[in-house]
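Undergrad: no sequence on hand, only this structure:
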Ligand SMILES: Cc1cc2nc3c(=O)[nH]c(=O)nc-3n(C[C@H](O)[C@H](O)[C@H](O)COP(=O)(O)OP(=O)(O)OC[C@H]3O[C@@H](n4cnc5c(N)ncnc54)[C@H](O)[C@@H]3O)c2cc1C
């Protein structure tokens, strides 16, 4: 399409203001600063405006306008993404779903719910809970992260081990492609006659269009839940226990790991106490509807932990105690703020049996680069999250954090894993994909975008390496990080 030329960001803002109400177009230095990055703070690039549509129709208008004037646009939910996905790599407009938070229909008899993309993950489960149901994907950011962000990142969470990731819980989306045309994709009942385009959209990180609404599956809440918190004298003892539990024939609903540095942050930030000598903890949850079976699973997990040298295994008897045991896991990232002004959480995945050697490697890399690192992750999935803490005003330190992360991801690939477990590729890990895929593989992946549109205006420079026009941003990013 021929692009119409409008010069200067003032003229562009004036154009957007004709499409939307004044409170739906934000711009100016404070907005540029607030939206220059997501939770991956290493990489920054401001948009010239942020727009806040209320409906699918408004999203279509905005995208058509961007397409007409050749303006890049970047979908954004809560901005909790950890790989730079919601950052406007080539400037342009951020399309935020902040005003699209409605739950449109709850259908408990058919165990499904329809919501706008900006509804938070937690609000879906809150709406479903009175009917004994919930939305099973539960990223630890769930109180703020959005349905649209969860779909775009195919998010997981602590209970992914048993219940699966987002793609297994989405039935249908309303989707605006990068030409501004709305589509309904997927079906509300089993037996799809069409190609599985929905699976291409889930996990596409906002690079092929915007999800504006979605029907999701609801999962019955288990009636029986047993939660254990096991303390170990060493990281190795805890990480060796992870694969042993699953190999014993038990699939816990959640199996989470925290190391001693994370426990120290939690003590400092929230005054939490842990058993003396604890250098690592496993949080283990078993659930189901048969009390005897769930008891048996919890006892089996406890005996595996004790057999591997656990110092103590605390079991929750009530829902209040369960919430208390989860406190440490849920508040971990927040507590890191006590250790340093900046944190970068990396994300990789390996077969769970390789966790012990991988953690040794993570500590070795951190020490070699002179960096502090704490670990808290979904151990049952082998999904590690080394969390580096540092002061980004120290010259050269950001480059060391980036290099350390790259070494860790390369080792994940060597150990038979992947450069991302759940946080996506975004802009952060474009180079990492080349460790996993040949040029031909990547070229096939790139052609996936063409199913939707050939426009490169939609969230450019993300997910697929070697897009035209993104070299400049990559150079700037590398430059900023040195
Ligand atoms: C403390 C903390 C804990 C976390 N825990 C987990 C975890 O346990 N599991 C996990 O998987 N992740 C986790 N994350 C990462 C992050 O929360 C998830 O990726 C989440 O799904 C992002 O949602 P969001 O609404 O913040 O999306 P954003 O960060 O705003 O966007 C993420 C990506 O989705 C795209 N996008 C957003 N909305 C739409 C839309 N409507 N249509 C199309 N594309 C869209 C954006 O362009 C971007 O590429 C965590 C992050 C933090 C900060």
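TA: Looks like it came in fine. As the structure is a computational prediction, the values presented were derived from the model and not from experiment.
Undergrad: and the residue positioned nearest the centre of the chain, backbone torsions?
TA: Central residue of the chain (CA atoms, centre = their mean): residue 423, 4.0 Å from the mean position. Per-residue torsions, residue 423: phi -90, psi 0 (degrees, to the nearest 10).
Undergrad: give the contact list for it.
TA: 81, 82, 83, 153, 345, 347 (CB atoms under 8 Å, 6 or more residues apart in numbering). Where C-beta positions appear, they are placed from N, C-alpha and C, glycine not excepted.
Undergrad: from those residues, which two are the most distant?
TA: 153 and 345 (13.7 Å; CB to CB).
Undergrad: give me the more crowded residue out of the two.
TA: residue 153 (30 against 21; other CB atoms under 10 Å).
Undergrad: what's the pLDDT at that one?
TA: On pLDDT, residue 153 comes in at 98.
Undergrad: could you find the closest non-adjacent residue to it?
TA: Distances taken as CB to CB, 6 or more residues apart in numbering place residue 424 nearest to residue 153, at 4.7 Å, with adjacent residues excluded.
Undergrad: what about the one you found, how many neighbours?
TA: Count around residue 424 with other CB under 10 Å applied: 27.
Undergrad: same deal with residue 396?
TA: Neighbour tally, residue 396, other CB under 10 Å: 10.
Undergrad: how far away is it from residue 178?
TA: 39 Å (CB to CB, to the nearest Å).
Undergrad: and the contacts of residue 423 near the ligand, which?
TA: Among the contacts of residue 423, the residues within reach of the ligand (CB under 6 Å from any ligand atom) are 81, 82, 153.
Undergrad: confirm residue 189 sits in a strand?
TA: No - with DSSP: H, G, I helix; E, B strand; the rest coil as the criterion, residue 189 is located in coil rather than a strand.
Undergrad: OK, contacts around the closest residue to residue 171 other than its chain neighbours?
TA: The shortest distance from residue 171 to any non-neighbouring residue, by CB to CB, 6+ apart, is to residue 215 (4.4 Å). Counting by CB under 8 Å, 6+ apart, residue 215 touches 112, 113, 114, 170, 171, 172, 173, 186, 188.
Undergrad: mind doing that once more with 6 Å?
TA: By CB atoms under 6 Å, 6 or more residues apart in numbering, the residues touching residue 215 are 112, 114, 171, 172, 188.
Undergrad: for it, name its beta-bridge partners.
TA: residue 114, residue 172 (DSSP bridges).
Undergrad: residue 140 in helix, strand or coil?
TA: Taking three-state DSSP, the label given to residue 140 is coil.
Undergrad: which pLDDT does the model give it?
TA: For residue 140, pLDDT reads 95.
Undergrad: what does this protein put close to the ligand?
TA: 38-39, 74-82, 85-86, 97, 117, 139-141, 145-146, 148-150, 152-153, 155-157, 205-206, 210-211, 333, 422-423, 459.
Undergrad: against residue 135, how distant is residue 78?
TA: Applying CB to CB to residue 78 and residue 135 gives a distance of 16 Å.
Undergrad: neighbour-wise, which of these two wins?
TA: Higher neighbour count among residue 78 and residue 135: residue 135, with 26 against 22, using other CB under 10 Å.
Undergrad: can you give me the end-to-end span of stretch 382-400?
TA: 25 Å (CA to CA, to the nearest Å).
Undergrad: who touches it?
TA: 42, 336, 339-352, 362, 369, 371-375, 377, 401, 408, 421, 481-482.
Undergrad: buried among these? Make that a PyMOL selection.
TA: Selection of buried members from the contacts of stretch 382-400 for PyMOL, criterion 16 or more other CB atoms under 10 Å:
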select buried, resi 42+336+339+340+342+343+344+345+346+347+348+349+350+352+362+369+371+372+373+374+375+377+401+408+421+481
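Undergrad: looking at the contacts of stretch 382-400, which are in helices?
TA: Assigned to helices by DSSP state H, the following of the contacts of stretch 382-400 qualify: 362, 401, 408.
Undergrad: ok, so of those residues, who is nearest the ligand?
TA: residue 401 (16.3 Å; CB to the nearest ligand atom).
Undergrad: pull the contacting residues for that closest one.
TA: Counted by CB under 6 Å, 6+ apart, residue 401 has contacts 344, 388.
Undergrad: repeat that with 7 Å
TA: The contact partners of residue 401, by CB atoms under 7 Å, 6 or more residues apart in numbering, come to 344, 371, 388, 390.
Undergrad: what pLDDT is listed against it?
TA: 94.
Undergrad: got it, and residue 6?
TA: 58.
Undergrad: again with the one 4 residues further on
TA: Looking at residue 10, its pLDDT stands at 87.
Undergrad: which strand or helix spans it?
TA: helix 9-17 (DSSP states H and E).
Undergrad: okay, buried residues for that helix please.
TA: Buried-residue list, helix 9-17, by 16+ other CB under 10 Å: 9, 12, 13, 15, 16.
Undergrad: and those residues, which is closest to the ligand?
TA: residue 16 (18.3 Å).
Undergrad: ok, and the closest non-adjacent residue to that closest one?
TA: Nearest non-adjacent residue to residue 16 (CB to CB, 6+ apart): residue 25, at 4.9 Å.
Undergrad: isn't the one you found up against residue 48?
TA: No - counting by CB atoms under 7 Å, residue 25 stays clear of residue 48, with 10.8 Å between them.
Undergrad: any low-confidence regions in the stretch 351-482 of the chain?
TA: In the predicted model, the stretch 351-482 of the chain carries pLDDT under 70 at residues 467-469, 471-482.
Undergrad: in it, what residue comes closest to the ligand?
TA: Counting by CB to the nearest ligand atom, the stretch 351-482 of the chain gets nearest the ligand through residue 422, at 3.4 Å.
Undergrad: ok, the residue nearest to that residue when sequence neighbours are not counted - contacts?
TA: Excluding the flanking residues, the one nearest residue 422 by CB to CB, 6+ apart is residue 156, at 4.2 Å. Contacts for residue 156 were tallied using CB under 7 Å, 6+ apart; they are 137, 139, 165, 378, 381, 422.
Undergrad: and of the residues you listed, the nearest to residue 244?
TA: residue 381 (15.6 Å).
Undergrad: that closest one and residue 329, how far apart?
TA: From residue 381 to residue 329 the distance is 14 Å (CB to CB).
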